[in-house]
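S.K.: sharing a model prediction with you, sequence too.
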Amino acid sequence: MSARFEGRTAVVTGAASGIGFEMAAQLLAEGALVVAGDLDPAGVPEGTVPVEVDVSSSVAVERLVQTAVGQTGRIDLLFNNAGIGSTADPVSCTVEEWDAIFAVNVRGVFLGTKFALPHMLAAGRGAIVNTASVAGLAGLADRAAYCASKGAVISFTKAVAVQYAGTGVRCNCVCPGTVDSPWVGRLLDAAPDPDAARSALIARQPVGRLGRPEEVAKAALFLASDDADFVTGAAFAVDGGFLAR
Ligand code: NAD
């Protein structure tokens, strides 16, 4: 196991499950001090610093970043990963549901970035990786608010990348296809025929299987690593060919 992140301090949101759990675990295995934020931090990887956070809350996210800075005086890596889904079409989506999706998926990414950036800029180095989705690059039925929120994450990623290009701070996002995380497990369990629903999701992906959380985490860690020093503003699909079809 390499130690690309030895001596680095990382913050991961949504670290108690799925993709965020894997990001936190892989960062830890590669030497980082990991501050792991989640609504329910009981499930974050052992060895990380658990912090209860609701990423839609400005006060809570500022506290999360301060926890990282308080540990080591720095924050080198930020993974804005926490997100929630919506399966509504544009007519049935309520205003409350629309706002709730944007509060977590978009405001959460903005807040993490807003509070981490001053520390990164002062140090002249830092990497931010946001978890967007193929749903931010392609239209999906019954995902109106979700698609719009992930499109916003991709646009915000590019704006931040351009704003700070050349400062040593980079900002990229991963765009996962359908990944077999607890989230997708819950979606399938709620379907009238879970097996048929799983087969339909698999059929959307040219490689013929769902992704694994650790596969998305590996791509995110690459974007955060020094190997990606020339990469900023990228929306990196990790999707089994979904967008190439
Ligand atoms: P998951 O539900 O397994 O894990 C998400 C974690 O985020 C949970 O631990 C949850 O408690 C936490 N969380 C939710 N709301 C939060 C909030 N307000 N504040 C702090 N933590 C919060 O989901 P996952 O599949 O690992 O998804 C992680 C990210 O990946 C999300 O942004 C999601 O949109 C994105 N994504 C997932 C898929 C997929 O197929 N699973 C595909 C594309 C993108």
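M.R.: That came in fine, so what should we check first?
S.K.: in this protein, which strand is the longest?
M.R.: With secondary structure taken from DSSP state E, the chain has its longest strand at strand 169-176.
S.K.: does that one reach the ligand?
M.R.: Yes: applying Cβ under 6 Å from any ligand atom, one finds that strand 169-176 is in contact with the ligand at Pro176. In short, each C-beta sits where N, CA and C put it, glycine included.
S.K.: quick one: buried residues of the helix or strand following that strand?
M.R.: Scanning forward in sequence from strand 169-176 by DSSP states H and E, the next helix or strand is helix 182-190. Within helix 182-190, the residues that count as buried by 16 or more other Cβ atoms under 10 Å are 183-184, 187-188.
S.K.: immediately after helix 182-190, which helix or strand?
M.R.: helix 194-203.
S.K.: in that following helix, what counts as buried?
M.R.: Residues of helix 194-203 classed as buried by neighbour count (16+ other Cβ under 10 Å): 197-198, 201.
S.K.: could you do stretch 103-112 as well?
M.R.: By neighbour count with 16+ other Cβ under 10 Å, stretch 103-112 contains the buried residues 103-112.
S.K.: now do stretch 68-84
M.R.: For stretch 68-84, a neighbour-count test (16+ other Cβ under 10 Å) marks 68-69, 74-84 as buried.
S.K.: which ones, among those, also lie beside the ligand?
M.R.: Filtering those for proximity to the ligand (criterion: Cβ under 6 Å from any ligand atom) leaves 81-84.
S.K.: just flag the most distant two among these.
M.R.: Using Cβ to Cβ, those reach their maximum pairwise distance at Asn81 and Ile84, which is 11.7 Å.
S.K.: any idea of the mean pLDDT in stretch 128-142?
M.R.: Mean pLDDT, stretch 128-142: 97.
S.K.: any residue of that stretch up close to the ligand?
M.R.: Yes: using Cβ under 6 Å from any ligand atom, stretch 128-142 reaches the ligand at 131, 133.
S.K.: stretch 58-67 too?
M.R.: No: figure legend: stretch 58-67 not in contact with the ligand (Cβ under 6 Å from any ligand atom); closest approach 7.9 Å.
S.K.: now that stretch: buried residues?
M.R.: Neighbour counts over stretch 58-67 (16+ other Cβ under 10 Å) mark 60-65, 67 as buried.
S.K.: pLDDT for these - can I get that in TSV?
M.R.: Formatted as TSV, those follow (pLDDT from 0 to 100):
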residue	pLDDT
Ala60	98
Val61	98
Glu62	98
Arg63	98
Leu64	98
Val65	98
Thr67	97
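S.K.: narrow those residues to those in helices?
M.R.: Counting by DSSP state H, the part of the buried residues of stretch 58-67 found in helices is 60-65, 67.
S.K.: much appreciated, bye for now.
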